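**Student:** coords please:
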Amino acid sequence: MNTRAISARILEAVIDKKKSLSQALDDYTSELNPSQKGQVQDFCYGVLRNYSQYNFIINKLTDTKIKPQLNMVRFLIAIGLYQLDQDRVAEHAAIGETVEACKQLDLFKFTSLVNALLRSYQRQYEDLQDIVNHASEQVKSNHPDWFLRRLKQAYPKGWKKIVKQNKQKPPFWLRINEQVQSAEAFKQALTEAEIEFEADKKIPTCILLTKPVPVSTLPNFELGSCSVQDRAAQQAAALVEPTAGERILDCCAAPGGKTAHLFEVCPDISVDALDIDEKRLERVKQNMQRLNFSCTPIVGDASDPQQWWDGLLYDKILLDAPCSATGVIRRHPDILFLRRDEDIVALAELQQKILIKMWSLLKPGGTLVYATCSVLPEENKNQIVEFLKQQADAKLVKIFDSETNEDPGWQILPGGQNMDGFYYAKLQKLK
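**Tutor:** You can find the predicted model right below:
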């Protein structure tokens, strides 16, 4: 199958079968070469970021609506529309390859429809864009109504900027491991490898690559010189402030980026890396091995610590709570198709339960850092406000002087300082 046919299969897995994009990509691209993988990823990410508009346009261009059981045809047309929008290949080639993909998927009788719709899109492009601009907010923004409603409520003046950022390609941040080499030595190695980057002005071990590159081309990557991690996620270790001799719990640790960062900041610590997903916990082990660190991986449910806890209290806890991931949509556009409004209530209940349970595992005088990659107050600020009301022995540790018990924590919005959307709050357990 050509890359368009494979991409259509992946879009079906995400949109119709509700499988994560990362899993679908793994399932369908394992035997492709790097160039083919890159093209498939481009098609899938591009279509998912714009699917509401493409779906709307397809409906406008067809006399009779394409039936749900023929969604594969719809996905192929969407791929063709996306490629025509990019101007990176000749238009006849983009259309021809999409028609060929139709044949490869045994959709022979729809080849004429695919060809006709893509050529109609070319001819009517300006008129169709005008129609899209006057369509519903859901179509224009490529965001579901329930999410738009929550964004407007939380950020009445800033929701449009969040939506815009969610459609952008994400930046490629690196975290330098100074246990292997100094930040300056790594930057020099990048320069010698002709990999362009921008050094972060505030964090010496954080750099932004001008464009993504395969990790295999990064100097000494296999020896643990660096890790790919967004600048927002790199704040976690600094907020935990690991100190030599401490026993730390990284709760919901997979895939282990923050776990490793704790060791990079302070190697002489003991870290339990907890995750409910045994398969994802393997990623933590792999990252620890590459970076030459050693943690204690624990398969367990954070909401039920009696199943796995050894009874010894922790000096510090990093709770990277399960969340809607609405702050990282530009990295994971499938979130727009996998999340539902009712998920937010369920996640908020789970987060509060885990937070209370984790608090019971913390030493008096210890600190807990609560983190999510969400932009929704129900999962972030509201959680901490409620927790501080309930827990008499909990004190807010201000990340910024402006914080109060009624407005706690640090909400990073997508694109803020070129970071992903994240939330952090720091709490101390009173003695």
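**Student:** Point out where this protein drops to low pLDDT.
**Tutor:** Residues of the chain that meet the criterion pLDDT under 70 lie in 88.
**Student:** Swap in 90 and give it another go.
**Tutor:** Segments of the chain classed as low confidence (criterion: pLDDT under 90) are 1, 34, 62-70, 86-94, 431.
**Student:** what about the strands in it?
**Tutor:** Using DSSP state E, the strands of the chain run over 172-176, 197-199, 206-209, 226-228, 247-251, 270-275, 296-299, 314-320, 362-372, 394-397, 410-412, 422-429.
**Student:** got those strands as JSON lines, with distance to residue 42 and mean neighbour count columns?
**Tutor:** (C-beta placed from N, C-alpha, C; glycine too.) Putting the strands of the chain into JSON lines (distance: least, C-beta to C-beta, whole Å; neighbours: other C-beta atoms under 10 Å) gives the following:
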{"stretch": "strand 172-176", "distance to residue 42": "15", "mean neighbour count": "22"}
{"stretch": "strand 197-199", "distance to residue 42": "22", "mean neighbour count": "14"}
{"stretch": "strand 206-209", "distance to residue 42": "18", "mean neighbour count": "18"}
{"stretch": "strand 226-228", "distance to residue 42": "18", "mean neighbour count": "20"}
{"stretch": "strand 247-251", "distance to residue 42": "33", "mean neighbour count": "25"}
{"stretch": "strand 270-275", "distance to residue 42": "31", "mean neighbour count": "24"}
{"stretch": "strand 296-299", "distance to residue 42": "34", "mean neighbour count": "17"}
{"stretch": "strand 314-320", "distance to residue 42": "29", "mean neighbour count": "24"}
{"stretch": "strand 362-372", "distance to residue 42": "29", "mean neighbour count": "21"}
{"stretch": "strand 394-397", "distance to residue 42": "43", "mean neighbour count": "16"}
{"stretch": "strand 410-412", "distance to residue 42": "27", "mean neighbour count": "20"}
{"stretch": "strand 422-429", "distance to residue 42": "26", "mean neighbour count": "23"}
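**Student:** And these: which comes nearest residue 152?
**Tutor:** Set against residue 152 and scored by C-beta to C-beta, those come closest in strand 410-412, at 16.1 Å.
**Student:** Could you list the paired strands of the closest one along with their orientation?
**Tutor:** Using DSSP bridges, the neighbouring strands of strand 410-412 in the sheet come out as strand 422-429 (antiparallel).
**Student:** if we can go back for a sec, for the strands of the chain, give me a markdown table that also has distance to residue 50.
**Tutor:** Below are these laid out as a markdown table (distance: least, C-beta to C-beta, whole Å):
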| stretch | distance to residue 50 |
| --- | --- |
| strand 172-176 | 21 |
| strand 197-199 | 28 |
| strand 206-209 | 25 |
| strand 226-228 | 25 |
| strand 247-251 | 36 |
| strand 270-275 | 33 |
| strand 296-299 | 39 |
| strand 314-320 | 30 |
| strand 362-372 | 27 |
| strand 394-397 | 41 |
| strand 410-412 | 25 |
| strand 422-429 | 25 |
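**Student:** Quick one: closest of the ones you listed to residue 65.
**Tutor:** For residue 65, the closest of the strands of the chain is strand 362-372, at 38.7 Å, according to C-beta to C-beta.
**Student:** Give me the helices and strands touching the closest one, please.
**Tutor:** helix 235-240, strand 314-320, helix 341-359, strand 422-429 (3 or more C-beta pairs under 8 Å, 6 or more residues apart in numbering; DSSP states H and E).
**Student:** is it possible to export these to JSON lines including distance to residue 60?
**Tutor:** Below are the helices and strands packed on strand 362-372 laid out as JSON lines (distance: least, C-beta to C-beta, whole Å):
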{"stretch": "helix 235-240", "distance to residue 60": "44"}
{"stretch": "strand 314-320", "distance to residue 60": "43"}
{"stretch": "helix 341-359", "distance to residue 60": "27"}
{"stretch": "strand 422-429", "distance to residue 60": "38"}
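**Student:** Farthest from the middle of the chain: give me that residue.
**Tutor:** residue 109 (38.4 Å; C-alpha atoms, centre = their mean).
**Student:** So for residue 331, which of the helices and strands packed on strand 362-372 sits nearest?
**Tutor:** With C-beta to C-beta, the closest approach to residue 331 among those belongs to strand 422-429: 11.9 Å.
**Student:** List the buried residues for stretch 3-19?
**Tutor:** With burial defined by 16 or more other C-beta atoms under 10 Å, the residues of stretch 3-19 counted as buried are 3-15, 19.
**Student:** Tell me which entries of the residues you listed lie within helices.
**Tutor:** 3-11 (DSSP state H).
**Student:** Tell me the one among the residues you listed nearest to residue 366.
**Tutor:** Taking C-beta to C-beta as the measure, residue 366 lies nearest residue 10 of those, at 44.3 Å.
**Student:** Using the record's assignment, carve this protein into domains.
**Tutor:** In the domain annotation for the chain, the residue ranges read 3-142, 172-228, 235-429 (automatic domain parsing).
**Student:** Out of those, the one nearest residue 150 is which?
**Tutor:** Proximity to residue 150, assessed across the domains of the chain by C-beta to C-beta, is greatest for domain 235-429 (5.9 Å).
**Student:** picking up where we left off before, can you tell which of the helices and strands packed on strand 362-372 is closest to residue 53?
**Tutor:** Shortest distance between residue 53 and the helices and strands packed on strand 362-372, using C-beta to C-beta, is found for helix 341-359: 21.6 Å.
**Student:** Relative to residue 190, which of the buried residues of stretch 3-19 is nearest.
**Tutor:** Of these, the one sitting nearest to residue 190 (C-beta to C-beta) turns out to be residue 3, at 30.3 Å.
**Student:** I'd say the closest one and residue 36 touch.
**Tutor:** Yes: look at residue 3 against residue 36 with C-beta atoms under 8 Å: they come within range, at 5.5 Å.
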